[in-house]
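Undergrad: next input, structure requested:
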Amino acid sequence: MTGAMYAAIGGLKSHMSKLNVIGNNVANVNTFGYKAQRMTFKESMYTTSRSGSNGGPTAGGNNPSQVGYGCSVGSIDLNMSPSTYAPTGYGLDAYIDGEGFYMFGDKPGAGEAGILGATDMSRLELSRVGDLWIDPDGYVCNRDGKVLYGFSRVQNPNYKANPTDEDLKKDPTCNQKTIVSTQLAPIRVPLSAAAPTTENGGIVNGNKQWEEGDPVYPILKDHSVGTGDAKKDYQVNEYPSTDLVAADLGVGAGKSSIVPAKNTDENNPTIDVLHIQLKSMGVEKNGAITGIAANGETVILGYIAIANVDSPDGVTHIDGPYYKAMGGAGSLRVSALGGVLQGKYLGNQVATDDKAPDANDAIMNDKSIEIRKGGLEASSTDVATEFSEMITTQRGYQANTRIITVTDSMLEELVNMKR
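TA: Take a look at the predicted model:
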């Protein structure tokens, strides 16, 4: 066969690949969070029948003579620029107004500390689709059952009910019962407080320290990794277990800790704790997930973490709406919106004079991104563009078939030379 035949076959394969890309884009025209792809062609190899020359004192030079052998797939790119906001009417549906990704993963197992630093974030999956809900265990999940990661509110270990000016000068947050933990962890609904009694420390000198059903936030627990110069100190979130007493949680020291309710459901003995029931749940612009408790108190579960990469178009599509920051994406960093965690480090690390945390563990303060509730990101497929590309692809495919037909006719004439 001739080179024209091979070139045309390469053209047919390449145009079919482009049609596959177009078909996938059109098929996902109504898929939330879908990012349209674009395929480009590139020229295949060339053979040189005559090399070029620069000429001499008496003769001119020659241009090289080369023959090409068709085309192949050059690249298949993702356009990760933000798409249109599509209202859904669901209060927990969240749209990222700007660049960035939600971070989803599995629930941490027993004894696991979860995500402590930037190097651990590669285990999480990235997505632009925030179809959130609360599962029976109190976790904020998407509709695939993957848990949303972010920064939870925890009990303030330095809380003082009546702080002095000197106390506030040392720690401006010491008068707040809860603070935001910088451990990147699954966001979960707080526990429900048990009825206060003298036995559990809920009634002291006839005064109630809390009301039954009040939210019980996680506590912070010291956690270290490594030894010697490589040792890193963290503070991780830990939900109080039902067997803790008031003294373990610091009630006697004037702190905000309260004993969670014990499970009384005999039909479900595997449930260790009860979660408070929230209504009117929604997502704020700064990523705060809020709800209204039965006592009318506004409860903040935590703040959504937004992941950013150096090159958003370079993320690897793994399955459905999920991506990974692999080769081509660059480094992965985590952001908190609205200045919630400005100047903080992952894992509640603290910078000291003699030791500073890894710069990659610093939480970025992104002011250009906001969360819009009650909607999701629409598909970025442009039907008009795809149909135009479909026409040109069809005509390109058709032209390559003509090359094969003409080449076949010429070969037929060649064979018929001998009668």
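Undergrad: residues contacting residue 37?
TA: 21, 24-25, 76-79 (CB atoms under 8 Å, 6 or more residues apart in numbering). Using the backbone N, CA and C atoms, a C-beta is placed for each residue, glycine as well.
Undergrad: hmm, 10 Å instead?
TA: When contacts are counted by CB atoms under 10 Å, 6 or more residues apart in numbering, residue 37 touches 18, 20-22, 24-25, 28, 75-79, 317, 380-381.
Undergrad: the helix or strand bottoming out on mean pLDDT in the chain pairs with which strands?
TA: Using mean pLDDT, DSSP states H and E, strand 46-50 stands out as the lowest-scoring helix or strand of the chain, at a mean of 77. In the sheet containing strand 46-50, the strands it pairs with under DSSP bridges are strand 65-68 (antiparallel).
Undergrad: all helices of the protein, in order?
TA: Remark: helices of the chain, listed N- to C-terminal, are 3-27, 165-170, 383-415; assignment by DSSP state H.
Undergrad: residue 149 and residue 173, how far apart?
TA: Between residue 149 and residue 173 the distance is 23 Å, computed by CB to CB, to the nearest Å.
Undergrad: more neighbours: which of these two?
TA: Between residue 149 and residue 173, counted using other CB atoms under 10 Å, residue 149 has the larger neighbour count: 26 against 14.
Undergrad: beta partners for that one?
TA: Beta-bridge partners, per DSSP bridges, of residue 149: residue 186.
Undergrad: could you do residue 141 as well?
TA: The bridge-partner assignment for residue 141, based on DSSP bridges, gives residue 133, residue 147.
Undergrad: ok, residue 154 next?
TA: With DSSP bridges applied, residue 154 shows beta-bridge pairing to residue 179.
Undergrad: ok, now which ones touch it?
TA: Shown here is residue 154, whose contacts under the criterion CB under 10 Å, 6+ apart are 178-181, 183, 185, 190, 217-221, 235-239, 302, 348.
Undergrad: mark which of the residues you listed are buried, thanks.
TA: For the contacts of residue 154, a burial check counting by 16 or more other CB atoms under 10 Å picks out 178-181, 183, 185, 190, 217-220, 235-237, 239, 302, 348.
Undergrad: now intersect the residues you listed with the strands, please.
TA: Assigned to strands by DSSP state E, the following of the buried ones among the contacts of residue 154 qualify: 178-180, 185, 219-220, 235-237, 302.
Undergrad: now pLDDT and distance to residue 53 too, for these, in CSV please.
TA: Formatted as CSV, the entries for these read as follows, by pLDDT from 0 to 100; distance: CB to CB, whole Å:
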residue, pLDDT, distance to residue 53
178, 86, 79
179, 89, 76
180, 92, 72
185, 91, 69
219, 84, 80
220, 87, 76
235, 88, 73
236, 90, 71
237, 88, 73
302, 93, 71
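Undergrad: need those residues in CSV with distance to residue 395, can you?
TA: Shown next, in CSV, are those (distance: CB to CB, whole Å):
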residue, distance to residue 395
178, 64
179, 63
180, 58
185, 54
219, 67
220, 65
235, 63
236, 60
237, 59
302, 54
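Undergrad: among the residues you listed, which one lies nearest to residue 115?
TA: Distance to residue 115 across these (CB to CB) is lowest for residue 185, with 6.7 Å.
Undergrad: nearest residue to residue 287 in space, please, no chain neighbours.
TA: Distances taken as CB to CB, 6 or more residues apart in numbering place residue 304 nearest to residue 287, at 3.7 Å, with adjacent residues excluded.
Undergrad: same check on residue 309?
TA: Using CB to CB, 6+ apart and skipping residues adjacent in sequence, the residue nearest residue 309 is residue 329, 4.4 Å away.
Undergrad: tell me how many other residues crowd that neighbour.
TA: Other residues near residue 329 come to 18 when the count uses other CB under 10 Å.
Undergrad: pretty sure it is touching residue 317, no?
TA: No - contact criterion CB atoms under 10 Å: residue 329 and residue 317 do not qualify, at 11.2 Å.
Undergrad: shared neighbours of those two, anything?
TA: By the contact definition CB under 10 Å, 6+ apart, residue 329 and residue 317 are jointly contacted by residue 323.
Undergrad: re the thing from before, pick the most deeply packed of the helices of the chain.
TA: With neighbours taken as mean count of other CB atoms under 10 Å, the helices of the chain reach their highest mean count in helix 3-27, at a mean of 18.
Undergrad: picking up where we left off before, pLDDT wise, what is the residue nearest to residue 309 at?
TA: Reading off the confidence values, residue 329 has pLDDT 87.
Undergrad: now do residue 177
TA: If you check residue 177, the pLDDT there is 82.
Undergrad: how many other residues sit next to it?
TA: Under the neighbour criterion other CB under 10 Å, residue 177 is assigned a count of 14.
Undergrad: check residue 364 too.
TA: Here the count is done by other CB under 10 Å, and residue 364 has 15 residues near it.
Undergrad: now the one 10 residues further on
TA: Taking other CB under 10 Å as the neighbour definition, residue 374 ends up with a count of 16.
Undergrad: just the one 5 residues further on next, same as before
TA: Applying other CB under 10 Å, we find 19 other residues in the vicinity of residue 379.
Undergrad: shaky segments in this protein?
TA: Applying pLDDT under 70 to the chain flags the ranges 1, 110-112, 200-201, 240-274, 419.
Undergrad: follow-up on the earlier one: ok, which pair from the contacts of residue 37 is furthest apart?
TA: Checked with CB to CB, the contacts of residue 37 reach their widest spread between 28 and 75, with 19.5 Å between them.
Undergrad: who's more crowded, these two?
TA: Between residue 28 and residue 75, counted using other CB under 10 Å, residue 28 has the larger neighbour count: 17 against 10.
Undergrad: isn't that one right up against residue 383?
TA: No - Residue 28 lies out of contact with residue 383 (CB under 10 Å); the separation is 11.2 Å.
Undergrad: which of the ones in strands among the buried ones among the contacts of residue 154 sits closest to residue 411?
TA: When those are compared for distance to residue 411 (CB to CB), residue 185 comes out closest, at 68.3 Å.
Undergrad: one step back: pull out the buried positions in the least confident helix or strand of the chain.
TA: The neighbour-count criterion (16+ other CB under 10 Å) identifies no buried residues in strand 46-50.
Undergrad: which residues sit against it?
TA: 3, 62-69.
Undergrad: neighbour-wise, which of the residues you listed leads?
TA: The most crowded member of the contacts of strand 46-50, judged by other CB under 10 Å, is residue 69 (16 neighbours).
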